[in-house]
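Q: Mind looking at a prediction? Sequence and model below.
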Amino acid sequence: MAKRRLIILVSLTAIAAALVSCASAPPKPAGPSDESNRAKTIVQGASTPDFPATPSTPAQSPSEAAKAIVTQQPGAQTPGMAPPAPAAYLAALSPEDQAFLANYLSRLSYMVYYNDASGIDPRFAKMAVSQANRYLIEKLGLAAIDFDQIEKNKKDQLDAYQAETGGSIDMIQYLAQKFNADIYVEIDLKASASGAGNSFNGSAQGTMKLFETSTAQLLGSIAFMSPPTFSPVSPDAAVANAISASVWQAMPKVTDQAKALIAASASRGIRYELVVQKLPDAKQAAAFVKALSRKFAEAEQISFSAGETRIALYAFMTKAKVQQAIYDAGVQAALPDLYLVYMRGKSFTFNSGL
């Protein structure tokens, strides 16, 4: 009996000791945040100095993200995104128009380039553009326009640019239209490095501006700053890490803001630009705009001259249907010989045939 009491006493003592130990043990330190882990993966993961490894966190598919923007409820807003389209406007859209808009937003195409007036080292400019393109390809599954391809076209397309535009639009906007981009993104950054021996720290900061290609309208601007970066290789490698990390982290905000702002501005439909050459007089131009208004949600005359008339068209239509609707309106406005001269992105140039 005494032995049994001893065993019970020992067991109770052990349990009490365990409880005291648990109560007095210091709390487990909180692990690094998800954002810190992503930045660390980018900067220190298996990589080359020029292109650090990308984070492995899954991204929402473009179609899911676009549908979420179009159907977003008032007050519901994703961090880092621009405000969603007004609820009143969304309610006014038919289910077909909402479906068209969601599909359009999921397929937005981007051209990324740098501000060549900012004095960025060309090596670092190419690095930033390439990392942005890498995000578009790997995370969104979109085609990207290569940096070298843009550089080559800046030289090869100079004569065509002058002939088609007369310098009325910027060369980069012209190329964005030629490449059929809906949005062009301009990167402006400054980068620096410090350190010596086998320890170098890099930093980068700047902005990424979003422009609508047809009109060159500024849609928004995203500021970015790199997390602390390190390289044992060279100062340039440390800067490369900083640029790659900061651009990669800024790109989700860039694409989300582009979708949200275009959705918010699409109450009348997707905007197309129409230029008509050689309309003989203002009366004929007004008749043509009236005919267009029967085919589109809205047709707005922007300017008129004997040589060139500009009209903004709004519709939830594909480019092929827009082109056909312009031809149909031409017939109704006594312009049966109207013909397409060229098309760049969502900008159409027609000749009256008169």
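A: Nice, I can see it.
Q: Tell me which residues are up against stretch 165-183.
A: Here stretch 165-183 makes contact (Cβ atoms under 8 Å, 6 or more residues apart in numbering) with 108-111, 113, 145, 150, 153-154, 157-158, 161, 164, 184, 186, 210-214, 216, 219, 258, 262, 344-347. Any C-beta I mention is one placed from the backbone N, CA and C, and that applies to glycine too.
Q: Give me the neighbour count for M111.
A: When counting by other Cβ atoms under 10 Å, one arrives at 28 neighbours for M111.
Q: what packs against the longest helix that the chain contains?
A: In the chain, assigned by DSSP state H, the helix with the most residues is helix 235-265. Packing contacts for helix 235-265, counted by 3 or more Cβ pairs under 8 Å, 6 or more residues apart in numbering; DSSP states H and E, involve helix 34-44, helix 62-70, helix 95-106, helix 122-140, strand 183-196, strand 199-212, strand 218-225, strand 229-231.
Q: Sort out which residues of the helix or strand that contains Y327 are buried, please.
A: Using DSSP states H and E, Y327 sits in helix 319-332. Residues of helix 319-332 classed as buried by neighbour count (16 or more other Cβ atoms under 10 Å): V322, Q323, A325, I326, A329, G330.
Q: Correct me if wrong: P228 contacts A204.
A: No. Shown here, P228 and A204 do not form a contact pair, counting by Cβ atoms under 8 Å, at 11.2 Å.
Q: circling back to that earlier point, let me see the residues that make contact with the next helix or strand after the longest helix of the chain.
A: Per DSSP H and E, the first helix or strand lying C-terminal to helix 235-265 is strand 270-277. Taking Cβ under 8 Å, 6+ apart as the criterion, the residues outside strand 270-277 that touch it are 101, 104, 212, 214-215, 265, 285, 288, 292, 307-317, 319, 322, 326, 338, 341, 346-352.
Q: And the average pLDDT for strand 270-277 is what?
A: With pLDDT averaged residue by residue, strand 270-277 scores 92.
Q: Show me what it pairs with in its sheet, parallel or antiparallel.
A: Applying DSSP bridges, strand 270-277 is found paired with strand 308-315 (antiparallel), strand 347-351 (parallel).
Q: what about the chain, any weak spots by pLDDT?
A: With pLDDT under 70 as the threshold, the chain has low-confidence stretches at 1-91.
Q: Kindly state the domain boundaries assigned to it.
A: 35-265, 270-351 (automatic domain parsing).
Q: Save the buried residues of helix 319-332 as TSV, and put in distance to N241 too.
A: What follows is those, written out as TSV (distance: Cβ to Cβ, whole Å):
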residue	distance to N241
V322	45
Q323	47
A325	50
I326	50
A329	55
G330	56
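Q: returning to that earlier point: ChimeraX command for the buried members of the contacts of strand 270-277?
A: Applying 16+ other Cβ under 10 Å to the contacts of strand 270-277 leaves a buried subset, and the ChimeraX line that selects it is:
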select :101,104,212,214,215,285,288,292,309,311,312,313,314,315,316,317,322,326,338,346,347,348,349,350,351,352
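Q: Once you drop chain neighbours, what's closest to S303?
A: Leaving out its chain neighbours, the residue that sits closest to S303 by Cβ to Cβ, 6 or more residues apart in numbering is R310, at 4.6 Å.
Q: ok, that neighbour - contacts?
A: Residues near R310 by Cβ under 8 Å, 6+ apart: E273, L274, V275, V276, Q301, I302, S303, F304.
Q: So among these, which ones count as buried?
A: By the neighbour-count criterion of 16+ other Cβ under 10 Å, the contacts of R310 include these buried positions: E273, L274, V275, V276, Q301, F304.
Q: The last one: what's it in contact with?
A: Which is F304. When contacts are counted by Cβ under 8 Å, 6+ apart, F304 is found next to L279, A282, A285, R310.
Q: Need the max-distance pair from those residues.
A: Every pair in these was compared (Cβ to Cβ); the two farthest apart turn out to be A282 and R310, at 13.2 Å.
Q: Which residue comes closest to the residue positioned nearest the centre of the chain once chain neighbours are left out?
A: Geometric centre of the chain, nearest residue: T255, 3.2 Å, by Cα atoms, centre = their mean. Nearest non-adjacent residue to T255, counting by Cβ to Cβ, 6+ apart: L140, 6.7 Å away.
Q: neighbours of Q217, just the number please.
A: The number of residues packed around Q217, counting by other Cβ under 10 Å, is 12.
Q: how far away is it from E273?
A: Distance, Q217 to E273, using Cβ to Cβ, to the nearest Å: 11 Å.
Q: re the thing from before, which one, of the strands paired with strand 270-277, ends up nearest to S199?
A: For these, distance to S199 was read as Cβ to Cβ. The smallest value, 51.4 Å, belongs to strand 347-351.
Q: The closest one: how far from the chain's middle?
A: Mean C-alpha position of strand 347-351 versus that of the full chain (Cα atoms, centre = their mean, to the nearest Å) differs by 26 Å.
Q: now the angle between helix 319-332 and that strand, please.
A: What separates the directions of strand 347-351 and helix 319-332 is an angle of 30 degrees, with axes from the mean of the first three to the mean of the last three Cα atoms, to 10 degrees.
Q: Can you tell me what sits against strand 347-351?
A: Residues contacting strand 347-351 (Cβ under 8 Å, 6+ apart): 164, 177, 214, 272-278, 322-323, 326, 330, 338-343.
Q: again with stretch 137-149
A: If you take Cβ under 8 Å, 6+ apart as the criterion, stretch 137-149 is touched by 54, 59, 61-62, 109-113, 125-126, 129-130, 133-134, 136, 179, 181, 251-252, 255.
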